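S.K.: Structure for the following, please:
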Amino acid sequence: SNKGERLLQEVRTMRIFNLPPEQRYVDVHSELLATDGTVVFGPTKEGGFPFIRVNEQMCAFLSGTITSSTGKKGEGEIFGTEADWVDYSGSILNVSWNNGIPDKGFFNGGIAIMVHPDYRAFSTKWFVRDAGAFTSSNFHFWGGHTLPSGDSLGFRQRIYLHLGDVEAGKVKDRYREYANPEVPDWC
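M.R.: Got it, this is the predicted structure:
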């Protein structure tokens, strides 16, 4: 609180998967606990779990493309809509040094946020901006939220970093694997 009292406790688990160099997974599971009384989340647009702002070089004003699992593109089509995932892809300047001389080039890459199907309470209406901000879990579209004392609220998402655009990064396939993982016969 503004008086220094604890209002909320978060228990967060993050798993980072070491995959081939062209991709990474970061699984984020966050549990918000109202341990010391009722917590009120306002309908602010500036908060989310997780809230990402992409490198300005790949924002949609410049080179970026925003794509949702429903096939919608851009802020105008996606903002406030429901989707399993949203991908933000674009070009980023890459500078490597060769004997003190900069070698400049561009590479295409993207970031997708995927919402696990078991954690969809506030996780399906997307806040996306052409300027580079995006999040799946935003109380803005719900008019805020009150978390009663002693209750908890969970979020579970995968952040997928990939080379290429949404198609080259196979975001649709990666979501399917995340939502319905195959279990080996020997387990």
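S.K.: hey, let's count contacts and neighbours off CA atoms from now on
M.R.: Fine.
S.K.: what's the single longest helix in the protein?
M.R.: Identified as the longest helix of the chain according to DSSP state H is helix 171-179.
S.K.: for the record, mean pLDDT for that one?
M.R.: For helix 171-179, mean pLDDT rounds to 95.
S.K.: Can you point out the helix or strand that includes the most centrally placed residue in the chain?
M.R.: In the chain, the centroid-proximal residue (CA atoms, centre = their mean) is Ile113; its distance is 3.3 Å. Using DSSP states H and E, Ile113 maps to strand 101-115.
S.K.: Leaving aside the residues adjacent along the chain, what's closest to Gly64?
M.R.: Gly90 (4.0 Å; CA to CA, 6 or more residues apart in numbering).
S.K.: got it, and Leu93?
M.R.: Phe106 (4.5 Å).
S.K.: circling back to that earlier point, neighbouring strands - and their directions - for the strand or helix carrying the residue nearest to Gly64?
M.R.: Element membership for Gly90 (DSSP H and E) is strand 85-98. Here strand 85-98 is paired, per DSSP bridges, with strand 65-68 (antiparallel), strand 101-115 (antiparallel).
S.K.: average pLDDT for the next helix or strand after the shortest one?
M.R.: By that I understand strand 65-68. Going down the chain from strand 65-68, the next helix or strand is helix 74-78, by DSSP H and E. Mean pLDDT, helix 74-78: 96.
S.K.: Could you name the helices and strands sitting against helix 74-78?
M.R.: strand 65-68, strand 127-128 (3 or more CA pairs under 8 Å, 6 or more residues apart in numbering; DSSP states H and E).
S.K.: now these as CSV including mean neighbour count, distance to His145 and mean pLDDT?
M.R.: Output for those, formatted as CSV (neighbours: other CA atoms under 10 Å; distance: least, CA to CA, whole Å; pLDDT from 0 to 100):
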stretch, mean neighbour count, distance to His145, mean pLDDT
strand 65-68, 24, 25, 97
strand 127-128, 26, 16, 92
